[in-house]
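In: what would the 3D arrangement of this be:
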Amino acid sequence: MPVLEFVKEGKKYDVPPGTNLRKFALKCQIPVYKGINRLLNCRGHRLCGTCRVEILDGKGISPRTPAEESTLIGRFLLAKKLTPNLRLSCQVTVSNDVKVLTRPNTEPDKELTRQRITLFGIFSGFGLVFLLMLGMIVFDLLKKL
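Out: Take a look at the predicted model:
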């Protein structure tokens, strides 16, 4: 049986192959969420990215998918740096021995965040201009009635 080791907690468990990391950690009362995310999370559906873990040692896990990478990078404006060992615990299936660091510190990706904020500003500006023009057209139509 594969051995699953939680480094911060100092605990080791024998797990059956195919075990989902998030489900097993929560079953053993090992926290995978920080702060308020214990209550506000997607319940393991790869939507929120709050169950991040760092795989310290072990190739006995399922590979990271492009969808998982996009969730790990972050959504909306704030982007996070993506390291090769960073994973979402809800997407990890254990098939061999693994060492896991729960609740790792992640750094923001300043350049990608800056790009996202710039694009958001540009699109917001165009949207505002569109709404103003639409308002002027509606006002003009109402004036003609």
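
In: can you pull out the strands in the chain?
Out: If you assign secondary structure with DSSP state E, the strands in the chain sit at 3-6, 11-14, 19-20, 52-57, 86-88, 93-94, 98-102.

In: now do the third one: distance to the chain's middle.
Out: The gap between the average C-alpha position of strand 19-20 and the chain average comes to 19 Å, counting by Cα atoms, centre = their mean, to the nearest Å.

In: for that strand, packing partners?
Out: Contact here means 3 or more Cβ pairs under 8 Å, 6 or more residues apart in numbering; DSSP states H and E; on that basis strand 19-20 packs against strand 93-94. Heads up, the C-betas are built off the backbone N, CA and C, glycines and all.

In: circling back to that earlier point, including mean pLDDT, could the strands of the chain go into CSV?
Out: Converted to CSV, the strands of the chain look like this (pLDDT from 0 to 100):
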stretch, mean pLDDT
strand 3-6, 95
strand 11-14, 96
strand 19-20, 96
strand 52-57, 93
strand 86-88, 95
strand 93-94, 95
strand 98-102, 96
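
In: ok, which of the ones you listed comes nearest residue 72?
Out: Proximity to residue 72, assessed across those by Cβ to Cβ, is greatest for strand 86-88 (5.8 Å).

In: before we move on, the earlier item: looking at the strands of the chain, which is closest to residue 44?
Out: Using Cβ to Cβ as the measure, strand 19-20 is the one of the strands of the chain that comes nearest residue 44, at 7.6 Å.

In: which parts of stretch 90-101 are buried?
Out: Neighbour-count burial for stretch 90-101, counted by 16 or more other Cβ atoms under 10 Å, picks out 90, 91, 92, 94, 95, 97, 98, 100, 101.

In: and the two most separated of these?
Out: Taking Cβ to Cβ as the measure, the buried residues of stretch 90-101 have their most distant pair in 90 and 97, spaced 20.3 Å apart.
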